[in-house]
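1. Model the following, please.
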Amino acid sequence: MASSSSSYGFILVSMALCVSFSFSLCLHTIHRRHLPTTTSYRQSLLRPNFEIFPLAASATTTFKAAQAVLRLDISYAAKSAAASAKAASESPNMKKQFERCQGEFTTIIGNLKRAGFELKEDPITANYSIKICIDSTNTVRNLVGKYSDKDSKNVIIMTSMMEKFLDIAEGATVALGG
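-> Numbering: from 1, shown residues only. Alright, predicted model coming up:
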């Protein structure tokens with residue numbers, strides 16, 4: 001029975017990893033018309049998926065697949081924090097709100113890293129660390145969700161995507177017993 005549960009968990013995490021990779025590609029496709037069109041820039045968009053996440057291509061266990069999911073989430077949270085910092089520098093009226101958003105994404109990064117360390121010893125605690133991240137996404141929504149300017153909308157879109165990534169990460173910890 002444990003073997004069946006383990007292979008079910010591996011399938012669940014593998015599907016979650018595929019979905020998260022699809023989200024990443026979808027996001028790049030949606031924003032492609034706003035990005036520079038140089039070949040080297042477009043190649044740099046695809047390269048990190050294979051260089052930063054080698055576990056994603058070679059995950060042979062549920063644990064390795066869950067680690068890959070967490071690393072993907074951390075990467076996306078870092079990009080969201082950088083986008084919030086850029087918005088803070090470009091929008092002096094809302095500088096404080098965007099700086100707080102950057103801080104919340106940094107908090108998400110810390111919680112996801114902690115979940116990565118806790119994953120092997122106690123998947124339940126790792127799951128809790130991921131659930132704490134939802135508080136940060138709610139804070140971001142409360143900070144800029146009511147505004148209609150371009151930067152606020154972009155941060156909210158990134159927050160929505162972060163929530164989807166967090167759902168996938170939570171599923172990965174559940175597959176490990178969390």
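2. Any idea which helix or strand in the protein has the lowest mean pLDDT?
-> None of the helices or strands of the chain scores lower by mean pLDDT, DSSP states H and E than helix 39-51, at a mean of 45.
3. how about the host helix or strand of residue 72: buried residues?
-> Assigned by DSSP states H and E, residue 72 falls within helix 62-90. By 16 or more other C-beta atoms under 10 Å, the buried positions in helix 62-90 come out as 62-63, 65-77, 79-81, 83-85, 87-88. From N, CA and C alone the C-beta is placed, and that goes for glycine too.
4. Same check on stretch 134-154?
-> Of the residues in stretch 134-154, those buried (16+ other C-beta under 10 Å) are 134, 136, 137, 139, 140, 141, 143, 144, 147, 151, 152, 154.
5. cool, and stretch 96-106?
-> Neighbour-count burial for stretch 96-106 flags 97, 98, 99, 100, 101, 102, 103, 104, 105, 106 (criterion: 16+ other C-beta under 10 Å).
6. try stretch 155-174
-> For stretch 155-174, by 16+ other C-beta under 10 Å, it's 155-156, 158-159, 161-162, 165-166, 168-174.
7. Packing partners of the helix or strand in which residue 110 is found?
-> Residue 110 belongs to helix 95-121 when assigned by DSSP H and E. Judged by 3 or more C-beta pairs under 8 Å, 6 or more residues apart in numbering; DSSP states H and E, helix 95-121 is in contact with helix 62-90, helix 123-144, helix 150-175.
8. of those helices, which approaches residue 112 most closely?
-> Among those, helix 62-90 comes nearest to residue 112, with 4.9 Å by C-beta to C-beta.
9. And for residue 152, nearest residue in space, chain neighbours not counted?
-> Nearest residue to residue 152 in three dimensions, chain neighbours excluded: residue 144, at 4.2 Å (C-beta to C-beta, 6 or more residues apart in numbering).
10. And residue 172, by the same measure?
-> Of all residues not flanking residue 172 in the chain, residue 66 sits nearest, at 3.8 Å (C-beta to C-beta, 6+ apart).
11. Could you tell me how far that neighbour is located from residue 149?
-> 37 Å (C-beta to C-beta, to the nearest Å).
12. repeat for residue 102
-> In terms of C-beta to C-beta, residue 102 sits 17 Å off from residue 149.
13. pLDDT weak spots in this structure?
-> Applying pLDDT under 70 to the chain flags the ranges 1-60, 178.
14. if we go to 50?
-> Applying pLDDT under 50 to the chain flags the ranges 1-8, 10, 22-55.
15. measure the closest residue in space to residue 91 that isn't next to it in sequence to residue 159 for me?
-> Spatial nearest neighbour of residue 91, excluding adjacent residues (C-beta to C-beta, 6+ apart): residue 151 at 5.2 Å. As judged by C-beta to C-beta, residue 151 and residue 159 stand 13 Å apart.
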